[in-house]
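>>> Dropping a prediction and its sequence here:
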There are 2 protein chains.
Amino acid sequence: MPKRSSPPTNPRKQPVQARSAQLVADILQAAIRVLERDGAQRFTTIRVADEAGVSVGSLYQYFPNKQAILYQLQRDEWERTGSSLEALLGDTTRAPVDRLRATLRAFFHSECDEAPLRLALDDAAPAYRDAPQSAEHRARSAAVVTGFVTAAAPHATRKQRGLAAQLVLATMTSLGKDVSERGLSRAEVDAWADAAADMVGGYLARLGAGTRRNAT
Amino acid sequence: MPKRSSPPTNPRKQPVQARSAQLVADILQAAIRVLERDGAQRFTTIRVADEAGVSVGSLYQYFPNKQAILYQLQRDEWERTGSSLEALLGDTTRAPVDRLRATLRAFFHSECDEAPLRLALDDAAPAYRDAPQSAEHRARSAAVVTGFVTAAAPHATRKQRGLAAQLVLATMTSLGKDVSERGLSRAEVDAWADAAADMVGGYLARLGAGTRRNAT
DNA sequence: GCAAAATACGAATAAACATTCGCGTTAGCA
DNA sequence: TGCTAACGCGAATGTTTATTCGTATTTTGC
């Protein structure tokens, strides 16, 4: 377990004028391009500054260090996926099975669309692992999934549902990552999402109706 | 997509005398210790050499570069998990359901036992991604799982089985990684493995008997 | 015991990078 | 118009690291 003193990830200075706000936005956009094009290994402050058309010095006025940039990108990513999950999986006006399928399709597609960026962010994960926001994001997702499992398997025990919720969330995110690395067509991604939905949905359905332990 | 010229990972020189063979073994052992203790970020050739009690120069006589060491460790890891998978999931003397459960338990436990090393190797993955052996290992695993799916869902179409095999393998490996990061007790790991086996097994059972598309 | 090959060594080299700092430039405001 | 704070710059600094290479030591074959 590498001990890390967790250098600060909050901005050194807040942009006040419009031009500096633009500069920060430019840097974040450039950072995405650098990650996608050069990968996490070659993600350097100089490269990001160059790509954004600003100087390193300017970059360091608003980001205390390199990790802060990556962390900001990951935060934005978490925000997006969290919202999407709440909107789709938490949509109580639809039947659980439909929700699950729609969620998995949307989630897998989104993962695939941004595959290079997510891959690179994963590679860079050691730089911002144990970030405080990470726990928050997990909790948010867990809450949504727990609500969903309660709706999908109302007759299961609380304990069963707890484990199931974790399993469902882990399966979704893990498979999403796996799928995004395969470079599949839209139709293939749909097939994967539907298969995953069958697998997870079937499991929850059986949890809800009688605790059978062994299948044929 | 970061273009990488893939520097060679094969040894610069083969150990001839006993002492150099021992040196190579020492280096690999030390590399594991450094990865576990300091993490992938701080995995440097000097640290490995120090830990092994040899000089950097000696290290470079048998490994062309740093990646070669990591790659060798990953190769060994692949070899172990591949053998284990064949032995457990490919054991045709047992019923599919039992095989699946036993495999997942063993696999999850093995992942957890070596969690620090695997975590670190994952972090270091960018250094040896696209390695030739990687494809071989995937093919080997895929073959075993395909055989298993055929046994577990003999009445499914070939196409269904193909997708199912990929899904099962992806679920196993992805969940294994996820579980290993949680620091669970043995009992908890078993619970996870059994839940995963239920989920995957149930999916395959339904594939085998009639192609139902929607559940309740 | 001896020459040649193999092995081991570790200081030295060179490159890459994160981060700083002093100075010139621009925007806001009186 | 002029003053001040905010902004922007990029060469310079200090550190870390992978890798090399000339030399010293050990083993092997005889």
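Looks like it came in fine.

>>> following the helix or strand bottoming out on mean pLDDT in chain A, which helix or strand comes up?
Sorted by mean pLDDT, DSSP states H and E, the helices and strands of chain A end with helix A:115-123, the least confident at a mean of 92. Once helix A:115-123 ends, the next helix or strand along the chain (criterion: DSSP states H and E) is helix A:132-152.

>>> by contact count, what packs against that next one?
Packing partners of helix A:132-152 (3 or more CB pairs under 8 Å, 6 or more residues apart in numbering or on different chains; DSSP states H and E): helix A:66-89, helix A:96-113, helix A:158-180, helix A:186-208. Every residue, glycine included, has its C-beta placed from N, CA and C.

>>> Can you give me the distance of the residue in chain A that DNA strand D sits nearest to to residue A:46?
Of all residues in chain A, residue A:57 sits closest to DNA strand D, at 1.7 Å by CB to the nearest atom of the strand. Residue A:57 sits 11 Å away from residue A:46, going by CB to CB, to the nearest Å.

>>> confidence score at the closest residue to residue A:67 other than its chain neighbours?
Spatial nearest neighbour of residue A:67, chain neighbours left out: residue A:127 (4.6 Å); criterion: CB to CB, 6 or more residues apart in numbering or on different chains. You'll see residue A:127 listed with a pLDDT of 80.

>>> what about residue A:127, how many neighbours?
22 (other CB atoms under 10 Å in any protein chain shown).

>>> With residue A:154 instead?
Neighbour tally, residue A:154, other CB under 10 Å: 11.

>>> hang on, the earlier thing: the helix or strand harbouring the residue of chain A closest to DNA strand D: how far from the chain's middle?
Using DSSP H and E, residue A:57 maps to helix A:56-62. Relative to its chain's centre, helix A:56-62 lies at 28 Å (CA atoms, centre = their mean, to the nearest Å).

>>> Pull out the buried residues from stretch A:130-137.
A:131, A:134, A:137 (16 or more other CB atoms under 10 Å in any protein chain shown).

>>> so which of the helices and strands packed on helix A:132-152 comes closest to residue B:79?
helix A:158-180 (21.8 Å; CB to CB).

>>> Please name whichever of the helices and strands packed on helix A:132-152 is nearest to DNA strand C.
In terms of CB to the nearest atom of the strand, the element of the helices and strands packed on helix A:132-152 nearest to DNA strand C is helix A:66-89, at 4.1 Å.

>>> before we move on, the earlier item: pipe the helices and strands packed on helix A:132-152 into TSV and attach mean pLDDT and mean neighbour count per row.
Listed next are the helices and strands packed on helix A:132-152 as TSV, based on pLDDT from 0 to 100; neighbours: other CB atoms under 10 Å in any protein chain shown:
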stretch	mean pLDDT	mean neighbour count
helix A:66-89	96	18
helix A:96-113	97	20
helix A:158-180	96	20
helix A:186-208	96	20
